[in-house]
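Colleague: Build the 3D model from these lines:
(chains A and B)
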Protein chains: 2
Amino acid sequence: MKEKLDRLNAIIAEISDIGDAMALLGWDQETYMPTGGAETRGQVSATLGRLVHERATSDEVGKLLEALVPWSQSELKEDSDEFRIIKNTKRGYDQQVKIPAAMIEERAKLQAAGNIAWREARQNDDWAKFEPYMDKWVDFVKRTADLFKPYDHPYDVLLDFFEPNMKTADVKVIFDGIRPSQVELIDAISKKPEVDDSVLHLHYDRATQLKMGEEVSKAFGFDYNRGRQDEVHHPFASNLGYGDQRITYRVDENFFNPYFFGNAHETGHALYEQGVPKEKHRTALYGATSLAIHESQSRLWENLVGRSKPFWEWYFPTLQKQFPAALGNVKMDTFYRAINKVKPSLIRVEADEATYNLHIMLRLEIEIGLVEGSISVKDLPEVWNTRFKEYLGITPPNNAQGVLQDVHWSFGLYGYFATYALGNLVSAQLWEKITQANPNLPDQIRKGDFSHLLGWLRENIHVHGSKYEPQELVQRVTGTKIDGAPYVKYLQTKFGEIYGL
Amino acid sequence: MKEKLDRLNAIIAEISDIGDAMALLGWDQETYMPTGGAETRGQVSATLGRLVHERATSDEVGKLLEALVPWSQSELKEDSDEFRIIKNTKRGYDQQVKIPAAMIEERAKLQAAGNIAWREARQNDDWAKFEPYMDKWVDFVKRTADLFKPYDHPYDVLLDFFEPNMKTADVKVIFDGIRPSQVELIDAISKKPEVDDSVLHLHYDRATQLKMGEEVSKAFGFDYNRGRQDEVHHPFASNLGYGDQRITYRVDENFFNPYFFGNAHETGHALYEQGVPKEKHRTALYGATSLAIHESQSRLWENLVGRSKPFWEWYFPTLQKQFPAALGNVKMDTFYRAINKVKPSLIRVEADEATYNLHIMLRLEIEIGLVEGSISVKDLPEVWNTRFKEYLGITPPNNAQGVLQDVHWSFGLYGYFATYALGNLVSAQLWEKITQANPNLPDQIRKGDFSHLLGWLRENIHVHGSKYEPQELVQRVTGTKIDGAPYVKYLQTKFGEIYGL
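Modeller: Modelled structure (predicted):
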């Protein structure tokens, strides 16, 4: 069995290497690739993707697992690395082997064409341009779900690609549990005077923003010897394998938020990847365990740290010195209230902490409806606008700022959105545990000391890589599965104080 | 046979895709990769290299070629693309299949360790640090040559990796033919008053240099939609597949030459790759046919254009406006003489056109001696210094500026150097044909019009990709094989005029 496990690990290491190369191809595509290289890049990525799929679903892997799975169940401790390597590999194999190569090719082509159509559609506010691709995608994801019959719910299949073993019913229960409180909070805030956030829309020069962002990332613990920062249109964080985590940013010189909070967010993602130990690289335990856990890290640094009062008690004086024209005469409290202004708005990525999850719930309902067949693609703009009004009290003036705003659907990412909201919830669950374990955290943050916070995350989350499934990890760390109560409590406390509720 | 050829082409396309990914891995390693990513990058590149080797030497390819080669010889025209695809693939297969996987791994490890040792050795002028790796490499390349027995000369095997079908004896004949004239020319120049090139060592600000370089590259014909420019320590050009050719540069604010001529040189390489048509991408006819032909393109743009009088008649007035402090009161002729100053010097990459080839001849003799066993590694510093004095009239003051100056040997690139000098020779052969076909070329260049020159190169060289072997290509275009006479004549005419010989 030792030999079989060694062989399996060797195959996993090779897949990991190809995957790391694919991560570089993707990063370069968004950062530096000239436009003329797009077609070649598509071919190269598709070929490497096929090599990974071939390896991950090979007969050899199937046979190795046939022998290793029963052996691991009888001979290994469930908590051992070996047991988990076999379990994770079996999970991936069972998932990938069901998808025929033809559908993988179909998906790649639909991604390329759908994404181009979406860009045009959004730019010209032209839903009709994107509708045929949305039709194709809904058909595609339904067929994908069918490959995994029997299931409790077809949407479970889609969720599972991003959030292992998360069920549609569980997500519904979680979201139903928090919706009333969030809506009530937003309603209460809407009756209070609107916060003046004009200070955020003054001039913040590019070079100083970058210097500041690097300073903050370093203070959080981002290791620039094992990563870097580059400019893109739509920021993301990318893991190129051990020792190489890359974050990206965009800068708006007339709006403080996009760079600062974007940078804090992507730094949070990268800190997670930088915290997975070297021994896990090239194994089935490397990388993040799920998108929700990933998002819990980015949102924790962006919001629970970056939009907190202790953080600005530390950093606001520095910021004032860096931007004397904009902030020299501004009180810390004015600034703090501005960056925490709650107001229902059209665009998810610009939403505040209190309204953000509602954007997600809307998308989740629509995706489930599309998969169930209770919502049809041609009605989508209307469905979007009607429900948006219901949830957030405003009606999108056009489809570009409505149903066409997100890239995800054009790229076939159905089942993805829920992880954003789940990440918010987990961030608050973790925060509760962290502050219980380390009541001095606010004082540490007031001094710009993030080492204890990062240390806790390293030890409790990062070090495990993908050894534990997300719900299992949250349970291990917090004593319960993913739970909305701490996030609601966090929102109520924070905004209760800011708005005097 | 059609099916067999289709299958072969599909395998070649896949290999091409993996190769394009490897080119990106290499480019990123030199441009943006954080230091912490080095180990991972090494693993990823090694894995992709192994995948290429496995595919290129698979039993399937062997069997396809067994059927296709005789068929192509009886049924296809020798000048047809299909014939050449089969021929090129057979050539690569025969070469690669002889090298066992263990030696490929050995080479990768020796490259990593040897390169690190060389960097330290050069930095600290510590030959002893690098000597053991040089021993290992000489042993390795001898064993490589042995895999290809019988041969006329073991060094033929090494040459052949970079310059298909070039023989040691042929190179010797070519070099022996030009050496006396080059030595005589340098000798004659040494008796003339030394040119004052102090104007090149004034302040040239970085931003203006970059602006100027981009302007010149564009004027030459470099398409920035299908390529880009980035900063590195040691400039190179890299082909990432159709539509994506990347050049790199370094800037010295106190020396005009490195950026300007480096940029012209790398642009020349990239223009070659940009000129290979899309239909050849992902086939066995894509890319440059050899390093000498590649170098003929870079040297042509760097020297025959970039160091020519017509070029500066066009560009010097612009340059004066860009750098008024340095050049405002300088005469064009003073500048022209400065950039063409001939003086034997220690470092190959800084050598002028008249002395450059002597640096190469020295290295070629040493490499042949090492492979034949007539030179031993431990004697290398002494051999280097003695012959350097013989060839160039000066003795290196230390090994860092002598035997340790080049990266190539640390990286196992034995057989490579000759292609630099051969490239010089071919550039002059082509230039002779171009100016015969287009006597107005100097006038066109005086007007900044390089379109006819590039058009000729596209049509006669670039369009063919690697369809023809280098000697065959040169023969087709110039009527003779690689020949030193045009280069000698070029040097004599140019420097005869500059130095009044």
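
Colleague: Please pull up the helix or strand immediately following the helix or strand of chain A with the lowest mean pLDDT.
Modeller: In chain A, no helix or strand scores lower on mean pLDDT, DSSP states H and E than helix A:101-123, which sits at a mean of 91. The C-terminal neighbour of helix A:101-123 among helices and strands, as given by DSSP states H and E, is helix A:127-146.

Colleague: Please identify the residues of the stretch 251-400 of chain A in proximity to chain B?
Modeller: Taking CB under 8 Å from any CB of the partner chain, the part of the stretch 251-400 of chain A that reaches chain B is made up of A:281-282. C-beta: built from backbone N, CA, C; applies to glycine.

Colleague: I figured residue A:419 hits residue A:162, correct?
Modeller: Yes - counting by CB atoms under 8 Å, residue A:419 does reach residue A:162; the two are 5.3 Å apart.

Colleague: Centre-most residue in chain A?
Modeller: By CA atoms, centre = their mean, chain A has its centre lying nearest to residue A:295, at 4.1 Å.

Colleague: How about stretch A:25-44 and chain B, touching?
Modeller: Yes - for stretch A:25-44 and chain B, the contact criterion (CB under 8 Å from any CB) is met by A:25, A:28, A:32-41, A:43-44.

Colleague: Which of those residues has the largest number of neighbours?
Modeller: residue A:44 (28 neighbours; other CB atoms under 10 Å in any protein chain shown).

Colleague: how about the strands in the stretch 201-350 of chain A?
Modeller: Here the stretch 201-350 of chain A has its strands, by DSSP state E, counting those that start in this stretch, at A:227-231, A:237-239, A:245-249.

Colleague: Would you mind giving those strands as TSV with distance to residue B:372 and mean pLDDT added?
Modeller: Converted to TSV, the strands of the stretch 201-350 of chain A look like this (distance: least, CB to CB, whole Å; pLDDT from 0 to 100):
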stretch	distance to residue B:372	mean pLDDT
strand A:227-231	47	96
strand A:237-239	49	97
strand A:245-249	48	97
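
Colleague: Looking at those, which is nearest to residue B:189?
Modeller: strand A:227-231 (47.6 Å; CB to CB).

Colleague: re the thing from before, what sits against the nearest residue to the residue nearest to the centre of chain A once chain neighbours are set aside?
Modeller: Of all residues not flanking residue A:295 in the chain, residue A:423 sits nearest, at 2.4 Å (CB to CB, 6 or more residues apart in numbering or on different chains). Each residue near residue A:423 by CB atoms under 8 Å, 6 or more residues apart in numbering or on different chains is listed here: A:291-299.

Colleague: tally of neighbours for residue A:169?
Modeller: Using other CB under 10 Å, residue A:169 is surrounded by 12 other residues.

Colleague: Wait, it touches residue A:152, no?
Modeller: Yes - Residue A:169 is in contact with residue A:152 according to CB under 8 Å; the separation is 6.8 Å.

Colleague: returning to what we had before: include mean neighbour count when you put the strands of the stretch 201-350 of chain A into TSV, please.
Modeller: Shown next, in TSV, are these (neighbours: other CB atoms under 10 Å in any protein chain shown):
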stretch	mean neighbour count
strand A:227-231	19
strand A:237-239	22
strand A:245-249	25
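
Colleague: phi, psi of residue A:307?
Modeller: Per-residue torsions, residue A:307: phi -110, psi 20 (degrees, to the nearest 10).

Colleague: pLDDT score for it?
Modeller: Residue A:307 is assigned a pLDDT of 98 by the prediction.

Colleague: Surely it and residue A:341 touch.
Modeller: No - between residue A:307 and residue A:341 there is no contact under CB under 8 Å: 10.5 Å.

Colleague: The top helix by length along chain A - contacts with which helices or strands?
Modeller: Across chain A, the longest stretch assigned as helix under DSSP state H is helix A:2-31. Other helices and strands packing on helix A:2-31, by 3 or more CB pairs under 8 Å, 6 or more residues apart in numbering or on different chains; DSSP states H and E, are helix A:38-56, helix A:59-75, helix A:81-97, strand A:237-239, strand A:245-249, helix B:2-31, helix B:38-56.

Colleague: what about 10 Å?
Modeller: In terms of contacts (3 or more CB pairs under 10 Å, 6 or more residues apart in numbering or on different chains; DSSP states H and E), helix A:2-31 is packed against helix A:38-56, helix A:59-75, helix A:81-97, strand A:227-231, strand A:237-239, strand A:245-249, helix B:2-31, helix B:38-56.

Colleague: how about the second one: buried residues?
Modeller: Residues A:61, A:64-65, A:68-69, A:71-72 are the ones in helix A:59-75 that count as buried (16 or more other CB atoms under 10 Å in any protein chain shown).

Colleague: could I get these as TSV with distance to residue B:265 and pLDDT?
Modeller: Below are the buried residues of helix A:59-75 laid out as TSV (distance: CB to CB, whole Å; pLDDT from 0 to 100):
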residue	distance to residue B:265	pLDDT
A:61	48	98
A:64	51	98
A:65	53	98
A:68	55	98
A:69	58	98
A:71	60	98
A:72	58	98
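
Colleague: Which of those residues sits closest to residue A:474?
Modeller: residue A:72 (23.9 Å).

Colleague: Looks like that closest one contacts residue A:85 (just checking).
Modeller: Yes - Residue A:72 is in contact with residue A:85 according to CB atoms under 10 Å; the separation is 8.6 Å.

Colleague: Identify the contacts common to the two.
Modeller: The contact sets of residue A:72 and residue A:85 overlap at residue A:5 (CB atoms under 10 Å, 6 or more residues apart in numbering or on different chains).

Colleague: Using PDB, list the CA coordinates for stretch A:71-78.
Modeller: Only the C-alpha atoms of stretch A:71-78 are listed here, as PDB (Å, rounded to 0.1, in the frame of the first residue of the first chain):
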ATOM      1  CA  TRP A  71      -7.300   0.300   3.300                       C
ATOM      2  CA  SER A  72      -7.300   3.800   4.600                       C
ATOM      3  CA  GLN A  73     -10.700   3.300   6.200                       C
ATOM      4  CA  SER A  74      -9.600   0.200   8.000                       C
ATOM      5  CA  GLU A  75      -6.000   1.000   8.800                       C
ATOM      6  CA  LEU A  76      -5.500   4.800   9.100                       C
ATOM      7  CA  LYS A  77      -6.700   7.300  11.600                       C
ATOM      8  CA  GLU A  78      -9.300   9.600  10.200                       C
END
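
Colleague: From the chain's centroid, how far away is that stretch?
Modeller: Averaging C-alpha positions (CA atoms, centre = their mean, to the nearest Å) puts stretch A:71-78 33 Å from its chain's average.

Colleague: contacts for that stretch?
Modeller: With contact meaning CB under 10 Å, 6+ apart, stretch A:71-78 is reached by A:1, A:4-5, A:65, A:68, A:80, A:82-87, A:90.

Colleague: now stretch A:117-135
Modeller: Here stretch A:117-135 makes contact (CB under 10 Å, 6+ apart) with A:110-111, A:113-116, A:137, A:140, A:370, A:376-378, A:380-381, A:384, A:397-412.

Colleague: who touches residue A:426 in this structure?
Modeller: Counting by CB under 10 Å, 6+ apart, residue A:426 touches A:290, A:292-297, A:299-300, A:419, A:461, A:470, A:473-474, A:477-478, A:481-484, A:486-487.
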